[in-house]
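A.B. asks: Just a sequence and a predicted model for now, questions to come.
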Amino acid sequence: MAPPPIPSDTTRPRSSDHFQQAVIDLSDELPYRAEHWSDIFRGMLMISSSRIWIALVLACGLAAPAVAQTQVGDAVIAMQAGPCKVVLNEADIGCPKGAVYSRLGNGRHLVNFVAKDIATVGFAGQKLETTGQDASVLWLDGAYINQQRVEADGQCAFARKAGGNVELSCRAILRDGRKLSATLRAREQTETFMGVALADSRAESCERIVTVYGVIGRAQLQCNFRHDTSNWVEDVRKCMPLLGEDRVKELMRQGMELFDSREKQTGRDAQCEMVKQLPGGVAR
(Lines give C-alpha, C1' and ligand atoms only; values in the text may rest on other atoms or scores of the structure.)
Protein backbone atom coordinates (compact mmCIF):
# COMPACT_ATOMS: atom_id res chain seq x y z
CA MET A 1 0.00 0.00 0.00
CA ALA A 2 1.45 3.34 -1.01
CA PRO A 3 1.88 5.95 1.76
CA PRO A 4 -0.14 9.17 1.79
CA PRO A 5 1.10 11.79 -0.65
CA ILE A 6 3.95 13.97 0.56
CA PRO A 7 2.85 17.62 0.76
CA SER A 8 4.76 20.11 -1.36
CA ASP A 9 5.11 23.86 -1.13
CA THR A 10 2.22 24.17 -3.56
CA THR A 11 0.00 21.72 -1.65
CA ARG A 12 -1.93 23.58 1.03
CA PRO A 13 -5.28 21.87 1.56
CA ARG A 14 -6.48 24.43 3.52
CA SER A 15 22.25 30.56 36.52
CA SER A 16 23.38 32.84 39.05
CA ASP A 17 22.57 34.76 42.25
CA HIS A 18 22.04 37.89 40.16
CA PHE A 19 19.30 36.17 38.20
CA GLN A 20 17.81 34.59 41.29
CA GLN A 21 17.48 37.99 42.93
CA ALA A 22 16.22 39.55 39.70
CA VAL A 23 13.20 37.29 39.50
CA ILE A 24 12.48 37.51 43.22
CA ASP A 25 12.39 41.30 42.97
CA LEU A 26 9.47 41.11 40.55
CA SER A 27 7.16 39.75 43.23
CA ASP A 28 4.06 41.41 41.80
CA GLU A 29 4.30 39.29 38.65
CA LEU A 30 5.75 36.16 40.31
CA PRO A 31 4.30 35.62 43.78
CA TYR A 32 6.43 32.59 44.68
CA ARG A 33 8.74 31.86 47.59
CA ALA A 34 12.41 32.65 47.24
CA GLU A 35 13.56 29.07 47.79
CA HIS A 36 11.82 28.01 44.57
CA TRP A 37 14.17 30.02 42.41
CA SER A 38 17.20 27.83 43.05
CA ASP A 39 15.60 25.34 40.63
CA ILE A 40 15.33 27.83 37.79
CA PHE A 41 18.90 27.99 36.53
CA ARG A 42 19.92 24.37 36.15
CA GLY A 43 19.86 24.42 32.36
CA MET A 44 16.80 22.20 32.07
CA LEU A 45 15.06 22.08 28.69
CA MET A 46 11.49 23.35 28.70
CA ILE A 47 9.28 21.72 26.06
CA SER A 48 5.52 22.08 26.32
CA SER A 49 3.37 19.00 25.68
CA SER A 50 1.26 19.24 22.56
CA ARG A 51 -1.55 17.47 20.78
CA ILE A 52 1.09 15.52 18.85
CA TRP A 53 2.31 13.62 21.92
CA ILE A 54 -1.24 12.85 23.00
CA ALA A 55 -2.14 11.72 19.51
CA LEU A 56 0.81 9.35 19.35
CA VAL A 57 0.00 7.77 22.68
CA LEU A 58 -3.61 7.26 21.63
CA ALA A 59 -3.02 6.07 18.10
CA CYS A 60 0.29 4.21 18.21
CA GLY A 61 0.78 3.13 21.80
CA LEU A 62 4.04 5.05 21.93
CA ALA A 63 5.39 6.36 25.18
CA ALA A 64 5.42 10.12 25.46
CA PRO A 65 8.96 11.49 25.14
CA ALA A 66 10.77 12.28 28.35
CA VAL A 67 11.24 16.03 28.66
CA ALA A 68 12.51 18.21 31.45
CA GLN A 69 10.78 21.42 32.46
CA THR A 70 11.89 24.18 34.75
CA GLN A 71 8.65 24.75 36.60
CA VAL A 72 8.05 26.80 39.74
CA GLY A 73 4.52 26.51 41.03
CA ASP A 74 2.32 27.05 37.98
CA ALA A 75 4.99 29.05 36.10
CA VAL A 76 7.61 27.81 33.64
CA ILE A 77 10.99 29.52 33.45
CA ALA A 78 13.71 29.64 30.78
CA MET A 79 17.10 31.32 30.67
CA GLN A 80 19.00 32.64 27.65
CA ALA A 81 22.63 33.46 28.33
CA GLY A 82 24.58 35.83 26.15
CA PRO A 83 26.02 39.34 25.87
CA CYS A 84 23.32 41.90 26.52
CA LYS A 85 22.75 45.62 26.91
CA VAL A 86 20.14 47.61 28.85
CA VAL A 87 19.51 51.29 28.11
CA LEU A 88 17.27 53.67 30.07
CA ASN A 89 16.78 57.11 28.55
CA GLU A 90 19.91 56.70 26.39
CA ALA A 91 22.03 55.77 29.42
CA ASP A 92 23.69 52.35 29.28
CA ILE A 93 23.01 50.73 32.66
CA GLY A 94 24.84 47.48 31.86
CA CYS A 95 23.76 43.86 31.58
CA PRO A 96 26.30 41.31 32.84
CA LYS A 97 24.48 38.00 32.41
CA GLY A 98 21.55 37.44 30.05
CA ALA A 99 17.75 37.20 30.11
CA VAL A 100 15.10 35.14 31.88
CA TYR A 101 11.68 34.40 30.36
CA SER A 102 8.73 33.40 32.55
CA ARG A 103 5.33 32.12 31.45
CA LEU A 104 3.03 32.55 34.41
CA GLY A 105 0.03 30.50 35.44
CA ASN A 106 -2.28 33.47 34.92
CA GLY A 107 -1.34 33.66 31.25
CA ARG A 108 1.06 36.59 31.53
CA HIS A 109 4.65 36.68 30.27
CA LEU A 110 7.76 38.34 31.66
CA VAL A 111 11.22 38.95 30.18
CA ASN A 112 13.72 39.96 32.83
CA PHE A 113 17.29 41.34 32.57
CA VAL A 114 19.83 41.98 35.31
CA ALA A 115 21.46 45.39 34.98
CA LYS A 116 24.59 46.65 36.71
CA ASP A 117 23.48 50.09 37.85
CA ILE A 118 19.84 49.07 38.43
CA ALA A 119 19.24 45.69 40.04
CA THR A 120 16.49 44.43 37.73
CA VAL A 121 14.71 45.44 34.54
CA GLY A 122 11.66 43.56 33.33
CA PHE A 123 9.23 43.67 30.41
CA ALA A 124 5.72 42.29 30.97
CA GLY A 125 2.76 41.52 28.73
CA GLN A 126 -0.27 39.33 28.16
CA LYS A 127 -0.10 38.58 24.43
CA LEU A 128 2.65 36.39 22.96
CA GLU A 129 2.57 35.64 19.23
CA THR A 130 4.80 33.16 17.43
CA THR A 131 5.70 33.86 13.81
CA GLY A 132 6.67 30.58 12.22
CA GLN A 133 8.89 28.21 14.17
CA ASP A 134 11.84 30.52 14.75
CA ALA A 135 10.46 33.82 16.05
CA SER A 136 7.98 35.34 18.48
CA VAL A 137 6.77 38.73 19.70
CA LEU A 138 5.52 39.70 23.17
CA TRP A 139 3.32 42.80 23.23
CA LEU A 140 4.08 44.83 26.34
CA ASP A 141 1.73 46.57 28.74
CA GLY A 142 4.18 47.15 31.57
CA ALA A 143 7.83 47.40 32.58
CA TYR A 144 9.72 46.96 35.84
CA ILE A 145 12.62 49.04 37.11
CA ASN A 146 13.74 47.37 40.31
CA GLN A 147 10.50 46.46 42.08
CA GLN A 148 8.50 49.33 40.60
CA ARG A 149 5.98 48.57 37.85
CA VAL A 150 5.34 51.27 35.25
CA GLU A 151 2.65 51.18 32.59
CA ALA A 152 4.30 50.92 29.18
CA ASP A 153 3.79 50.18 25.50
CA GLY A 154 6.18 48.25 23.28
CA GLN A 155 7.31 44.77 22.37
CA CYS A 156 9.95 42.10 22.90
CA ALA A 157 11.02 40.18 19.80
CA PHE A 158 12.94 36.89 19.89
CA ALA A 159 14.35 35.19 16.79
CA ARG A 160 16.63 32.29 15.93
CA LYS A 161 18.58 32.97 12.75
CA ALA A 162 19.53 30.51 10.00
CA GLY A 163 22.98 29.90 11.50
CA GLY A 164 21.51 29.06 14.91
CA ASN A 165 22.41 32.32 16.65
CA VAL A 166 19.63 34.14 18.49
CA GLU A 167 18.60 37.75 19.01
CA LEU A 168 16.34 39.26 21.66
CA SER A 169 15.22 42.88 21.54
CA CYS A 170 12.85 44.59 23.99
CA ARG A 171 11.77 48.20 23.56
CA ALA A 172 9.24 50.08 25.66
CA ILE A 173 7.99 53.63 26.05
CA LEU A 174 7.01 54.18 29.66
CA ARG A 175 3.91 56.16 30.54
CA ASP A 176 6.08 58.68 32.38
CA GLY A 177 7.92 59.43 29.11
CA ARG A 178 11.10 57.44 29.67
CA LYS A 179 12.40 54.97 27.11
CA LEU A 180 13.65 51.55 28.13
CA SER A 181 15.34 49.00 25.88
CA ALA A 182 17.31 45.77 26.21
CA THR A 183 19.06 43.62 23.62
CA LEU A 184 20.80 40.26 23.68
CA ARG A 185 22.71 38.30 21.06
CA ALA A 186 24.04 34.78 21.48
CA ARG A 187 25.63 32.11 19.31
CA GLU A 188 23.06 29.50 20.23
CA GLN A 189 19.71 29.06 21.92
CA THR A 190 20.01 27.41 25.30
CA GLU A 191 16.36 26.71 26.17
CA THR A 192 12.87 27.03 24.73
CA PHE A 193 12.36 30.79 24.99
CA MET A 194 9.29 32.97 24.41
CA GLY A 195 7.49 30.13 22.68
CA VAL A 196 10.36 29.29 20.31
CA ALA A 197 11.46 25.68 20.78
CA LEU A 198 15.02 24.49 20.38
CA ALA A 199 15.87 23.26 16.91
CA ASP A 200 16.39 19.72 18.18
CA SER A 201 12.94 19.64 19.77
CA ARG A 202 11.44 20.94 16.51
CA ALA A 203 12.98 18.02 14.66
CA GLU A 204 11.57 15.58 17.21
CA SER A 205 8.15 17.20 16.91
CA CYS A 206 8.28 16.95 13.13
CA GLU A 207 9.23 13.29 13.23
CA ARG A 208 6.21 12.52 15.37
CA ILE A 209 3.89 14.61 13.19
CA VAL A 210 4.97 12.74 10.06
CA THR A 211 4.68 9.38 11.81
CA VAL A 212 1.10 10.13 12.84
CA TYR A 213 0.36 11.20 9.26
CA GLY A 214 1.44 7.72 8.18
CA VAL A 215 -0.79 6.13 10.82
CA ILE A 216 -3.77 8.11 9.52
CA GLY A 217 -3.00 7.09 5.95
CA ARG A 218 -3.12 3.41 6.88
CA ALA A 219 -6.25 3.87 9.01
CA GLN A 220 -8.18 5.47 6.16
CA LEU A 221 -7.80 2.21 4.25
CA GLN A 222 -8.09 -0.34 7.04
CA CYS A 223 -10.87 1.41 8.95
CA ASN A 224 -12.76 2.87 5.99
CA PHE A 225 -12.33 6.36 7.43
CA ARG A 226 -12.74 9.73 5.84
CA HIS A 227 -10.27 11.78 7.88
CA ASP A 228 -9.81 15.52 7.44
CA THR A 229 -6.04 15.60 7.08
CA SER A 230 -5.72 19.23 6.00
CA ASN A 231 -4.04 20.34 9.23
CA TRP A 232 -1.75 17.32 9.23
CA VAL A 233 -0.78 17.89 5.61
CA GLU A 234 0.10 21.50 6.41
CA ASP A 235 2.20 20.40 9.40
CA VAL A 236 4.05 17.82 7.31
CA ARG A 237 4.67 20.40 4.58
CA LYS A 238 6.27 22.71 7.14
CA CYS A 239 8.49 19.86 8.34
CA MET A 240 9.81 19.02 4.87
CA PRO A 241 12.67 21.57 4.85
CA LEU A 242 13.82 20.42 8.29
CA LEU A 243 13.65 16.65 7.75
CA GLY A 244 14.14 16.25 4.00
CA GLU A 245 12.01 14.24 1.58
CA ASP A 246 13.75 10.89 2.18
CA ARG A 247 13.27 11.11 5.94
CA VAL A 248 9.62 12.10 5.53
CA LYS A 249 8.99 9.05 3.30
CA GLU A 250 10.68 6.77 5.83
CA LEU A 251 8.68 8.16 8.76
CA MET A 252 5.38 7.82 6.91
CA ARG A 253 6.26 4.20 6.14
CA GLN A 254 7.04 3.66 9.83
CA GLY A 255 3.68 5.18 10.75
CA MET A 256 1.85 2.74 8.51
CA GLU A 257 3.82 -0.15 10.00
CA LEU A 258 3.02 1.11 13.51
CA PHE A 259 -0.68 0.88 12.75
CA ASP A 260 -0.26 -2.68 11.43
CA SER A 261 1.75 -3.69 14.51
CA ARG A 262 -0.80 -2.25 16.92
CA GLU A 263 -3.62 -3.83 14.94
CA LYS A 264 -2.07 -7.26 15.52
CA GLN A 265 -1.74 -6.57 19.25
CA THR A 266 -5.10 -4.96 20.01
CA GLY A 267 -7.29 -5.81 17.04
CA ARG A 268 -8.45 -3.67 14.18
CA ASP A 269 -11.57 -2.30 15.86
CA ALA A 270 -9.67 -1.15 18.96
CA GLN A 271 -6.97 0.51 16.88
CA CYS A 272 -9.52 2.21 14.63
CA GLU A 273 -11.30 3.61 17.68
CA MET A 274 -8.02 5.09 18.91
CA VAL A 275 -7.29 6.71 15.57
CA LYS A 276 -10.76 8.28 15.71
CA GLN A 277 -9.51 10.41 18.58
CA LEU A 278 -6.85 12.10 16.48
CA PRO A 279 -7.47 15.77 15.62
CA GLY A 280 -9.40 16.17 12.37
CA GLY A 281 -12.37 13.92 13.00
CA VAL A 282 -13.34 10.75 11.19
CA ALA A 283 -16.54 9.20 9.91
CA ARG A 284 -17.40 5.83 8.41
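C.D. replies: Nice, thanks for sending it over. Quantities reported herein were computed from a predicted structural model and do not represent experimental measurements. Residues are numbered from 1 along each chain as shown.

A.B. asks: only C-alpha atoms for contact and neighbour calcs from this point on.
C.D. replies: Will do.

A.B. asks: quick one: secondary structure of residue 112?
C.D. replies: Classification of residue 112 using DSSP: H, G, I helix; E, B strand; the rest coil returns strand.

A.B. asks: The helix or strand harbouring residue 265: which residues count as buried?
C.D. replies: Using DSSP states H and E, residue 265 maps to helix 245-266. Across helix 245-266, burial judged by 16 or more other Cα atoms under 10 Å covers 248-249, 251-260, 262-263.

A.B. asks: Make CSV from the residues you listed and add pLDDT and distance to residue 208 to it.
C.D. replies: Listed next are the buried residues of helix 245-266 as CSV, based on pLDDT from 0 to 100; distance: Cα to Cα, whole Å:
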residue, pLDDT, distance to residue 208
248, 91, 10
249, 92, 13
251, 92, 8
252, 91, 10
253, 92, 12
254, 92, 10
255, 90, 9
256, 91, 13
257, 92, 14
258, 90, 12
259, 89, 14
260, 91, 17
262, 86, 16
263, 88, 19
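
A.B. asks: quick revisit: now the element after the helix holding residue 265, going C-ward?
C.D. replies: That would be, after helix 245-266 and using DSSP H and E, helix 268-276.

A.B. asks: ok, which stretches of the stretch 1-150 of the chain are strands?
C.D. replies: 71-72, 75-81, 84-88, 91-92, 98-103, 109-113, 121-125, 127-130, 135-145, 148-160 (DSSP state E, counting those that start in this stretch).

A.B. asks: For those strands, give me TSV that also has mean pLDDT, mean neighbour count and distance to residue 215.
C.D. replies: Shown next, in TSV, are the strands of the stretch 1-150 of the chain (pLDDT from 0 to 100; neighbours: other Cα atoms under 10 Å; distance: least, Cα to Cα, whole Å):
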stretch	mean pLDDT	mean neighbour count	distance to residue 215
strand 71-72	70	19	33
strand 75-81	88	22	33
strand 84-88	94	21	46
strand 91-92	92	12	55
strand 98-103	92	24	34
strand 109-113	94	26	37
strand 121-125	95	27	40
strand 127-130	94	16	28
strand 135-145	96	22	30
strand 148-160	96	20	32
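
A.B. asks: could those strands go into a markdown table alongside distance to residue 181?
C.D. replies: Listed next are those as a markdown table, based on distance: least, Cα to Cα, whole Å:
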| stretch | distance to residue 181 |
| --- | --- |
| strand 71-72 | 27 |
| strand 75-81 | 17 |
| strand 84-88 | 5 |
| strand 91-92 | 10 |
| strand 98-103 | 13 |
| strand 109-113 | 10 |
| strand 121-125 | 9 |
| strand 127-130 | 18 |
| strand 135-145 | 10 |
| strand 148-160 | 9 |
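
A.B. asks: out of these, which comes closest to residue 221?
C.D. replies: Of all the strands of the stretch 1-150 of the chain, it is strand 127-130 that lies closest to residue 221, at 35.9 Å by Cα to Cα.

A.B. asks: For the closest one, which strands pair with it and how are they oriented?
C.D. replies: Here strand 127-130 is paired, per DSSP bridges, with strand 135-145 (antiparallel).

A.B. asks: what angle sits between the partner strand and strand 109-113?
C.D. replies: Between strand 135-145 and strand 109-113, the angle comes out at 70 degrees (axes from the mean of the first three to the mean of the last three Cα atoms, to 10 degrees).

A.B. asks: Quick one: residues in contact with strand 135-145.
C.D. replies: Residues outside strand 135-145 that contact it (Cα atoms under 8 Å, 6 or more residues apart in numbering): 26, 109, 118-131, 149-160, 172, 174, 194-196.

A.B. asks: same thing but 7 Å
C.D. replies: Applying Cα atoms under 7 Å, 6 or more residues apart in numbering, the contact partners of strand 135-145 are 120-125, 127-130, 149-160, 194-196.

A.B. asks: Just the mean pLDDT for the lengthiest helix in the chain, thanks.
C.D. replies: What stands out as the longest helix in the chain, according to DSSP state H, is helix 199-222. For helix 199-222, mean pLDDT is 82.
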